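# Sequence and predicted structure, then a few things I'm wondering about:
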Amino acid sequence: MPRKKRFHLLSMPQHIIQRGNNRQACFFAEADYSYYLEALRIAADKYGCRIHAYVLMTNHVHLLATPDKEYALSSMMQSVGRRYVRYINKEYRRSGTLWEGRFKASLIQSERYLLTCYRYIEMNPVRANMVKHPAEYRWSSYRANAQGAIDIVRSAHEEYRRLGTTAVEREAAYRALFRNHLDSGTVHDIRHALNCELVVGSSRFKDQIEAMTNRPVRQGQPGRPRKKESEY
C-alpha cells in the first residue's frame, strides 16, 4: 500500500508521533532525553519549525509543531532521527535501526483543537501511570507552558498567548485547563487521527484541507481493517 502524502502546509500546526522500533525503548538514561531535546532544538531552528508542546516517553515521542518553511517538519524529523540514532548507537555500542519507520503526523485546526492537543500530549505520562500530575514529569513541555520554566525547545503558539495578557495570566489559565482530564472520546479521536494521519478539526476545516491538498483527510470506507493505535 502506498504511503500517505505528507501535509506540507505552512503555519498550520501538526501533531507528530515517532515510535521506537517494535515499541521498544528509545531512551535509556537521563542524558539521552537531554541529547534528544538539544538535537530537536538545533533541527527546529535550522529548518524552520516551532515546537509548542512535546513529551518524550520511554519508547516514543509526541510533538506539536508548526512549520514555517516548506518541508520543514520532514527535514527536522529526519535530522533529529539520524543524529539521535548515531548518538545511541555510539553510546550503547549497538547498531541498526532505532525508530519504527517514518513518523506519523496529524494536522490540527488551531482555533478549536490546538490547546486540547497540548493537553493530550502533556498528559501522556499521567495516562501511562508514570506520574499523578504532568508537572511531575521532567521530559515534557508542561513546566514551561504552565509554570514558566525555561525550555530550550518550546515556542508559544498564538492560541496559547491568547490565554492572557501577561505570562502569569497565561500560565494560570493554562494550568486551569488541566483541572479535568480529557474525556475518553476526545482522547480516542486525537489518537485515531494521529495513527491514521488524518485531520483534527471541524467538518468545514476538513473540507478546506481536502480542497487545498487534494487528498482525503477523513476515515476511509467502513469495512477496512483498522490499524492498532498507540496506548497513550
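The structure has been received and is ready for your questions.
# Give me the most central residue, this structure.
Within the chain, one residue has its C-alpha closest to the average C-alpha position: by CA atoms, centre = their mean, that is residue 63, at 2.2 Å.
# That one: what secondary structure?
For residue 63, the reduced secondary structure class is strand; criterion used: DSSP: H, G, I helix; E, B strand; the rest coil.
# Check the gap between the spatially closest residue to it that is not a sequence neighbour and residue 81 for me.
Nearest residue to residue 63 in three dimensions, chain neighbours excluded: residue 16, at 4.3 Å (CB to CB, 6 or more residues apart in numbering). Just so you know, the C-beta spots here come from the backbone N, C-alpha and C atoms, and that holds for glycine as well. When CB to CB, to the nearest Å is applied, the distance between residue 16 and residue 81 equals 11 Å.
# Now the common contact residues for the two.
Common neighbours of residue 16 and residue 81, counting by CB atoms under 8 Å, 6 or more residues apart in numbering, are residue 103.
# Please tell me I have it right and the residue nearest to the centre of the chain contacts residue 53.
Yes. Checked against CB atoms under 8 Å, the pair residue 63 and residue 53 is within contact range at 7.4 Å.
# just to revisit the earlier point, can you tell me the SS state at the residue nearest to residue 63?
Following three-state DSSP, we place residue 16 in the strand state.
# again, but for residue 55
strand.
# so it touches residue 125, yeah?
Yes. Under the contact definition of CB under 8 Å, residue 55 touches residue 125, with a separation of 6.7 Å.
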